[in-house]
Every structure is written in C-alpha cells, then in structure tokens.
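**Q** What follows is a protein structure lacking sequence information:
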Ligand SMILES: NC(=O)C1=CN([C@@H]2O[C@H](COP(=O)(O)OP(=O)(O)OC[C@H]3O[C@@H](n4cnc5c(N)ncnc54)[C@H](OP(=O)(O)O)[C@@H]3O)[C@@H](O)[C@H]2O)C=CC1
Ligand SMILES: Cc1cn([C@H]2C[C@H](O)[C@@H](COP(=O)(O)OP(=O)(O)O[C@H]3O[C@@H](C)C(=O)[C@@H](O)[C@H]3O)O2)c(=O)[nH]c1=O
C-alpha cells in the first residue's frame, strides 16, 4: 500500500536528508517548511492533513537555536511543544502515524552510563525543556502508531551545524579551543533519515513509544573537532578545554550518551560508527 507522507521542517538538516533518500521510494512525500506549513498554525495543520490525506507525519521541524532559546522561550515553546501537540491531535484525528524527533538535551547529563529511554529526564536548558514538553504532549494525546525518537549532536551537509563550523574555523585559524568535558554521540542526519524511513511502515503500536538513535560510539566535542581536522588534514591545533572556559547562555549536559538497543532490536537497524559517518558527510561537504 502506498503512503502519503508529510515531512515538516523539510528544509532543515534532517528534512533535507529525508528528501534525498525519498527519491528512491514509491510513497508520496510532501516536504513543507515554515512558509508552506507553519506547524504552530492549528487550522493550517488540520487542513493540510485533510486536503492531502496524510498517512504519516515525520516531524523534523523544530526551534533548534539552543542559546537563543534562553531568551526566546515563547517562540521555542510554540514550535517544540505547542505545535507538537497540534500535530499529535491532527495525527489522532486523521489516523496518521507520527514520528517525532526529540533530543538528548532532555537529560541533565549527570549520569555516567548510557541513558535508557525511560530514565529520568530533567533538562538543564530552555531548549531541552521545550522539547520535553513536546514529548509529554504527544504521550498525553496518544495517537496510535506513533513514536518519539531522541537523537543528539546532529550534522549534515545541509544547514548549519558543528561540523561545518569546525571546517570554517579550521580553515581560518591556527588553533581552536573546544570543550572536552561534554560527552555524547554525534549523529549524521542521513543515517537517522534512513532509520526513520525504515521505521514508519513497521509501526503498529497502540501506546506512544520512545526510542533513541545516534551513531555508534562516544566522544567529546573536542574529540569530534579533532577528528574533523584530522580527516580533512586541516592545519589547526585543537585544544581541549573545560566547559567553564567556553561560557554560553545555555547550560549543556556533561554526559548525554543514549542507549539504542530498543531501536536496533525492534526495527532490525544496524547503526554506523560516528567516525565512519563523519567521513561520509565530509566527503560530500569537501569534494
Ligand atoms: N541539530 C541537532 O543537533 C539536533 C536536533 N535534534 C532534533 O532533530 C530534529 C531535526 O533537527 P535539525 O534538522 O537539525 O533542525 P534544523 O534546525 O536544521 O531544521 C528545523 C527546521 O524546522 C523549521 N521550522 C522552525 N519553526 C517552524 C514552524 N513553526 N513551522 C514549520 N517549520 C519550522 C526551520 O525553519 P527555519 O529555518 O525557517 O526556522 C528548519 O527548517 C528537531 O526536532 C531537533 O530538535 C535533536 C538532537 C540534536
Ligand atoms: C564553536 C565552538 C563550540 N564549542 C562547544 C560549545 C558547545 O558546548 C559545543 C557544541 O556547540 P553547538 O553550539 O554546535 O552545539 P549545540 O547547539 O549545543 O548542539 C545541540 O543542538 C541541539 C539542537 C541538540 O538537540 C543537541 O543534541 C546538540 O546537538 O561545542 C567549543 O567548545 N568551541 C568552539 O569553537
């Protein structure tokens, strides 16, 4: 059976990667961004579901400016929480599957072993708090065949991200200070896109499930930056620094590694190591 799929945030990193992969699929895809479908506009969302007979929604839209969210709380909440509730209600009304993407920043980072999907959440910044309220809203509305997929440290050849920032700074500067006491797992948006496209046809759950997907392996932002310089042969020394030496408006978790066993087992997904995926993305970015 052919599905009609709405991809919100279609011009963002993840939305753009889904667009690339969707070209190989027979389902019908609608990619929308804020101008075509503002997900905070309840009437527009419900009309879009009705007019286009949407079967599946991949919610890639979000307010992702972590530092700005500290002062733009309402805007961040509108997109990451209120709009997510609207999508969940529309999915429930039109019997559509909802795959929503959330973040490692729902955890406070005081843990020392990979966070399970049911571990205690306690965000340390506004972005994380708005994303958590989005998760809670979906669970409350409880559309069938729906999942929350938490991911972390996303990069891609599309959009803005840490990898692109490091490539730019690495070409401009002789040395760079990067935080080494924030540890997590990078995620190539192409890999997550592939997983989401594999998952949606398989969903048959009554209750909303929470899954976690990142690339395999663990590193600090410093390790990640160092690998980018090494792979690209950039003549820029990377120095590890503690968080205190790189003050930012938003606090970030020190440890945000997540356990991925459930997504791997339930959907038979094998996940590449972050270093291999980084090489794949860099080869697109720099060649
Ligand atoms: N980036 C990361 O490191 C991580 C991201 N995530 C989550 O993964 C998902 C995808 O992230 P990513 O692709 O990186 O995000 P991006 O910031 O690259 O893309 C998000 C997209 O959403 C759009 N958008 C914002 N507000 C609205 C709105 N009201 N209506 C419609 N579209 C809107 C943005 O448009 P515009 O540019 O106009 O604002 C942008 O195109 C998000 O849920 C994010 O929270 C989780 C962990 C890490
Ligand atoms: C540019 C730069 C950053 N850093 C640090 C700051 C920060 O702690 C870390 C990463 O910086 P960024 O601003 O790219 O990261 P940040 O915006 O916090 O990334 C987060 O985005 C949201 C959307 C998520 O959901 C998270 O999973 C995570 O990916 O690197 C340095 O130490 N040196 C530098 O030169």
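**A** Received the coordinates, thanks. If you're wondering where the values come from, they're calculated on a predicted model, not measured in any experiment. Ligands and ions are numbered 1, 2, ... in the order given.
**Q** Please work out how many residues are found near residue 196.
**A** Neighbour count for residue 196, taken as other Cβ atoms under 10 Å: 24. Every residue, glycine included, has its C-beta placed from N, CA and C.
**Q** Just the element for it, please.
**A** helix 189-199 (DSSP states H and E).
**Q** For that helix, name the packing helices and strands.
**A** The helices and strands touching helix 189-199, judged by 3 or more Cβ pairs under 8 Å, 6 or more residues apart in numbering; DSSP states H and E, are helix 13-22, strand 97-103, strand 147-151, strand 154-155, helix 261-267, helix 274-286.
**Q** Paired strands for the helix or strand that that helix is followed by, with orientation please.
**A** Scanning forward in sequence from helix 189-199 by DSSP H and E, the next helix or strand is strand 209-212. Counting by DSSP bridges, the strands paired with strand 209-212 are strand 147-151 (parallel).
**Q** quick one, helices of the stretch 101-250 of the chain?
**A** Applying DSSP state H, counting those that start in this stretch to the stretch 101-250 of the chain gives helices spanning 126-141, 162-172, 189-199, 221-232.
**Q** Show me the residue sitting in the middle of the protein in space.
**A** residue 151 (4.9 Å; Cα atoms, centre = their mean).
**Q** gap between that residue and residue 193?
**A** Separation of residue 151 from residue 193 (Cβ to Cβ, to the nearest Å): 11 Å.
**Q** Run through the residues of this structure sitting next to ligand 2.
**A** 64, 66, 103-105, 152-154, 162, 165, 176-179, 182, 221, 246, 248, 252 (Cβ under 6 Å from any ligand atom).
**Q** for the record, mean pLDDT for stretch 245-259?
**A** The average pLDDT within stretch 245-259 is 98.
**Q** What's the end-to-end length of that stretch?
**A** Counting by Cα to Cα, to the nearest Å, you get 29 Å between the two ends of stretch 245-259.
**Q** buried ones in that stretch?
**A** In terms of neighbour count (16 or more other Cβ atoms under 10 Å), stretch 245-259 has its buried residues at 250, 251, 252, 253, 254, 255, 256, 257, 258, 259.
**Q** How about that stretch and ligand 1, touching?
**A** No. Between stretch 245-259 and ligand 1, judged by Cβ under 6 Å from any ligand atom, nothing touches; the nearest distance is 9.4 Å.
**Q** How far off centre is that stretch?
**A** Centroid displacement of stretch 245-259 relative to its chain, using Cα atoms, centre = their mean, to the nearest Å, is 16 Å.
**Q** Same question for stretch 187-200.
**A** Its chain's C-alpha centre and that of stretch 187-200 lie 10 Å apart, by Cα atoms, centre = their mean.
**Q** Can you point out the buried residues in that stretch?
**A** Quick answer for stretch 187-200 (16+ other Cβ under 10 Å): 187-197, 199-200.
**Q** How about residues contacting the helix or strand containing residue 7?
**A** According to DSSP H and E, residue 7 maps onto strand 4-8. Residues from elsewhere that reach strand 4-8 (Cβ atoms under 8 Å, 6 or more residues apart in numbering): 15, 18-19, 22, 27-32, 37, 39, 48-49, 52-61, 87, 96, 200.
**Q** Can you tell me which of those end up in helices?
**A** 15, 18, 19, 22, 48, 49, 52, 87 (DSSP state H).
**Q** Good, wrapping up.
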